[in-house]
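Participant: quick one: sequence plus predicted model below, questions after.
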Amino acid sequence: VYKRQEVDINDARLLVKIAELISLAFNQDKPEIEFLKKNILCEESSLPSIFLVAFDGDHLVGCNAFIANDFCVNQEFVPCFQSCWSATHPEYQGQGIFIAIQQEAKNILAERGGSFIYGLPNDASHPIFVKKLNFFEVDCLFARIPNIPIIRNLWINKSFVINRGNTQTIEVNERQIAKFKKNLNSNIIEMQVGSSYAWGKIQSRKKFNLNIKVFTLGGMYINTSKDFLTILNEIYSLDCHFIEILSCKSNSCNNFFKNWKKSLSHRFIFYNLTNVQNNFQNINLMKGISDTF
């Protein structure tokens, strides 16, 4: 049985070991210590993020971060946690360390008042979450809209009227997430109209020797349909060739758009720590929530 414990994210010596473990597990360069801390500590969340590790004696063999984010239910905030920065030492993979850390996290986060654990797993961890850890899965929808005036509105549903009185919706605090992401990327773009809000980033991608600029919508909160059209015009005015959206299938904001496709490389997973969201039809979050955004 491997020793599992919560660690202080500000412990520089341990963070060095965690960075080395991540490097070994994924055969990549070690992440910088400050980069790890910035990715994990969302200072405005109502509960702190946690980092769990597993030891074999004094040897660090596994780790997993759980980033705290606040979601809104009926105008009240509830704390939720994103599972990410998972790594198991190559010599210990297949020995249940990842599962043990996740089970420990369920107990700790439930005791501290967390509502649910969620994530966007990779192909390796996805079947473990769904088949062995009892997470439920929601598809990720994908849309890429050419920012060309004559055709871009073919992807827009201008007749949709959002119902802000819908009590079957749980939604992430988008402003909190965007501020968190700005710690890593000062070029995050924000748009606000009244109490409605959207954010994202522009990336350059090479294709056919061309430099293609893509604005990826990180997330949005829409108070009225009129606000959406105003924010949409702000997005259209950005210096980009495409607008890209990856969104949880049950996101009520998806109704503002058309021509969705199911993403083959992304999916959302959730684990209920309480019954607070069992009766909710809509879980409003987009790709911007991901630790890799």
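Facilitator: Alright, I've got the coordinates.
Participant: low pLDDT regions in the stretch 51-200 of the chain?
Facilitator: 165-167 (pLDDT under 70).
Participant: what segments of it are strands?
Facilitator: Using DSSP state E, counting those that start in this stretch, the strands of the stretch 51-200 of the chain run over residues 59-73, 76-88, 116-119, 136-146, 169-172, 189-193, 196-207.
Participant: helices along this protein, start to end?
Facilitator: Along the chain, counting by DSSP state H, helices occupy 12-26, 33-40, 97-111, 126-131, 174-182, 225-236.
Participant: any chance of the ones you listed in CSV, with distance to residue 285 and mean neighbour count too?
Facilitator: No exception for glycine: its C-beta is placed from N, CA and C like everyone else's. As requested, the helices of the chain are exported to CSV (distance: least, CB to CB, whole Å; neighbours: other CB atoms under 10 Å):
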stretch, distance to residue 285, mean neighbour count
helix 12-26, 25, 16
helix 33-40, 18, 16
helix 97-111, 18, 18
helix 126-131, 17, 15
helix 174-182, 9, 20
helix 225-236, 17, 17
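Participant: of all these, which one is nearest residue 49?
Facilitator: helix 33-40 (5.1 Å; CB to CB).
Participant: coming back round to it: distance to residue 250 added to the helices of the chain, as TSV?
Facilitator: Shown next, in TSV, are those (distance: least, CB to CB, whole Å):
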stretch	distance to residue 250
helix 12-26	31
helix 33-40	26
helix 97-111	22
helix 126-131	16
helix 174-182	16
helix 225-236	18
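Participant: list the buried residues for stretch 65-80?
Facilitator: 65, 66, 67, 68, 69, 70, 71, 72, 73, 78, 79, 80 (16 or more other CB atoms under 10 Å).
Participant: farthest-apart pair in those, please.
Facilitator: Spanning the widest gap among the buried residues of stretch 65-80 are 65 and 73, at 24.1 Å by CB to CB.
Participant: just to revisit the earlier point, out of the strands of the stretch 51-200 of the chain, deepest packed?
Facilitator: Comparing the strands of the stretch 51-200 of the chain by mean neighbour count (mean count of other CB atoms under 10 Å), strand 116-119 comes out on top with a mean of 24.
Participant: can you list the neighbours in contact with that strand?
Facilitator: 66, 80-84, 105-106, 109, 129, 135, 268-274, 276-277, 285, 289 (CB atoms under 8 Å, 6 or more residues apart in numbering).
Participant: could you rerun that using 6 Å?
Facilitator: Around strand 116-119, the neighbours that count as contacts under CB atoms under 6 Å, 6 or more residues apart in numbering are 80, 81, 82, 83, 269, 270, 271, 272, 273.
Participant: okay if I get the strands of the stretch 51-200 of the chain as JSON lines plus distance to residue 51?
Facilitator: What follows is those, written out as JSON lines (distance: least, CB to CB, whole Å):
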{"stretch": "strand 59-73", "distance to residue 51": "5"}
{"stretch": "strand 76-88", "distance to residue 51": "8"}
{"stretch": "strand 116-119", "distance to residue 51": "14"}
{"stretch": "strand 136-146", "distance to residue 51": "25"}
{"stretch": "strand 169-172", "distance to residue 51": "21"}
{"stretch": "strand 189-193", "distance to residue 51": "29"}
{"stretch": "strand 196-207", "distance to residue 51": "26"}
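Participant: looking at those, which is closest to residue 237?
Facilitator: strand 189-193 (9.8 Å).
Participant: quick one, that closest one and helix 174-182 angle?
Facilitator: 160 degrees (axes from the mean of the first three to the mean of the last three CA atoms, to 10 degrees).
Participant: for residue 264, which of the strands of the stretch 51-200 of the chain is the nearest?
Facilitator: strand 136-146 (8.5 Å).
Participant: partners of that closest one, with directions?
Facilitator: If you go by DSSP bridges, strand 136-146 pairs up with strand 242-248 (antiparallel), strand 261-272 (antiparallel).
Participant: put the alpha carbons of the last one into PDB.
Facilitator: Read that as strand 261-272. Extracted in PDB, the C-alpha atoms of strand 261-272 (Å, rounded to 0.1, in the frame of the first residue of the first chain):
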ATOM      1  CA  LYS A 261     -19.900  18.300 -34.600                       C
ATOM      2  CA  LYS A 262     -18.900  15.800 -31.900                       C
ATOM      3  CA  SER A 263     -15.300  16.200 -31.000                       C
ATOM      4  CA  LEU A 264     -13.400  12.900 -31.400                       C
ATOM      5  CA  SER A 265     -10.400  14.000 -29.200                       C
ATOM      6  CA  HIS A 266     -12.100  15.700 -26.300                       C
ATOM      7  CA  ARG A 267     -14.800  14.800 -23.700                       C
ATOM      8  CA  PHE A 268     -15.900  16.000 -20.300                       C
ATOM      9  CA  ILE A 269     -16.100  13.800 -17.300                       C
ATOM     10  CA  PHE A 270     -17.800  14.400 -13.900                       C
ATOM     11  CA  TYR A 271     -18.100  12.800 -10.500                       C
ATOM     12  CA  ASN A 272     -20.800  13.800  -8.000                       C
END
